[in-house]
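A.B. asks: coords please:
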Amino acid sequence: MTARRSAAAAAPALSLSLQFADARHRALLPRHKVVRWLRAALEAPAELTVRIVDADEGRALNREFRGKDYPTNVLTFDYAQEPVVIADLVIAAPVVEAEAAELGIDIAAHYAHLLVHGALHAQGYDHEADDEAEVMEARESALLHGLGLHEPYAGRR
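C.D. replies: Residues are numbered from 1 along each chain as shown. Okay, here's the model as predicted:
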């Protein structure tokens, strides 16, 4: 068995619904890449919906569910963690685009980070308290490094 095949066999099962309410970055998010990024972060089988939205939908959801009246980069709605992770990840395309430009990174790489971040939230990781943030950020950094992507928290540690 090849290393690639054994790694794929070890990856948790993933059922994915990929939706584009805002299609501006559809070409940057082919299904196989989104699956790869999410599987890297999963520690258990999962049923995930990833919805790419515009600023208006992102703002409305953030206002309704978090009481914050602005679009945020990623929202995670987690419904179950065991035995299967069930969650919706909502990502606001204009926010991703602006943040990637500000950080000087590729838009697709920023999507990868936000998908990993959202998948970790869906599994119970959090970053509200400093000790939780340290654990979650270390996990994100390791996963992104393993995917050959940027260090999201460089300069903050």
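
A.B. asks: Strands of this protein, start to end?
C.D. replies: With strands called from DSSP state E, the chain shows them at 14-20, 46-53, 74-80, 85-92.

A.B. asks: Mean neighbour count and mean pLDDT for those - can I get that in CSV?
C.D. replies: To be clear about C-beta, it is placed using only N, CA and C from the backbone, and glycine gets the same treatment. Listed next are the strands of the chain as CSV, based on neighbours: other C-beta atoms under 10 Å; pLDDT from 0 to 100:
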stretch, mean neighbour count, mean pLDDT
strand 14-20, 13, 98
strand 46-53, 21, 98
strand 74-80, 17, 97
strand 85-92, 23, 98
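
A.B. asks: Out of those strands, which gets nearest to residue 129?
C.D. replies: When the strands of the chain are compared for distance to residue 129 using C-beta to C-beta, the nearest one is strand 74-80, at 17.2 Å.

A.B. asks: Save the strands of the chain as JSON lines, and put in distance to residue 131 too.
C.D. replies: Conversion of the strands of the chain to JSON lines gives the following (distance: least, C-beta to C-beta, whole Å):
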{"stretch": "strand 14-20", "distance to residue 131": "29"}
{"stretch": "strand 46-53", "distance to residue 131": "25"}
{"stretch": "strand 74-80", "distance to residue 131": "20"}
{"stretch": "strand 85-92", "distance to residue 131": "23"}
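
A.B. asks: Which among those strands is found nearest to residue 37?
C.D. replies: Taking the strands of the chain one by one with C-beta to C-beta, strand 46-53 is closest: 9.8 Å.
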